[in-house]
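# have a look; sequence and predicted model below, questions after that.
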Amino acid sequence: MTALKIRIDEDGAGEVIESHLLATLQAQQPQAANVRLTLSVEDADANLTGGMTATTSYGWLLIKTLWVHDDQRQSGVGTALIEKAEQIALSHGCHGAWLDTSSKAARDFYLRRGYLEFGVLGNRPNQHPSHHRRWFMQKQLAAG
């Protein structure tokens, strides 16, 4: 076996690795569209005030990140991003959306937008950080 050189990704290799995996999976089994989404919101001065990254695969929208600047929370920016991503996902044949979050406030935000929990990972009291939770959530986007 040849010696392996393992390194931490510092030059964007993660996207290349993901695209290779998706190509391999597409060759092995049928899929819906694999699309990368990056949505952003700017204020009148072109300052970034929120954004989202997501992908579609196997008929599901995966919300990877959703961020809204502290000054813009409760303003509808997060809801607008979610709604736009869901609309785009539907146009690519997605029937559902899923995500995970470790923020209780984010969990509550998603619950108000129709997402339901389907799993929880949690730390025990003797694990660091104690009592940490990660909620996995999903939402049906269309019949099917």
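Yep, it's here.
# what separates the one helix or strand E15 maps to from the chain centre, distance-wise?
Here E15 sits within helix 13-28, counting by DSSP states H and E. Relative to the chain's own centre, helix 13-28 is displaced by 18 Å; criterion: CA atoms, centre = their mean, to the nearest Å.
# ditto for stretch 33-46
Distance, centroid of stretch 33-46 to centroid of chain: 13 Å (CA atoms, centre = their mean).
# what do you get for stretch 76-89?
Distance, centroid of stretch 76-89 to centroid of chain: 12 Å (CA atoms, centre = their mean).
# show me what counts as buried in that stretch.
Applying a neighbour-count criterion of 16 or more other CB atoms under 10 Å, the buried positions in stretch 76-89 are V77, G78, L81, I82, A85, E86, I88, A89. In this view, the C-beta of every residue, glycine as well, is placed from N, C-alpha and C.
# which strands or helices does the helix or strand following the helix holding E15 pack on?
For helix 13-28, the following helix or strand on the C-terminal side (DSSP H and E) is strand 35-42. For strand 35-42, the packing partners by 3 or more CB pairs under 8 Å, 6 or more residues apart in numbering; DSSP states H and E come out as strand 48-57, helix 77-91.
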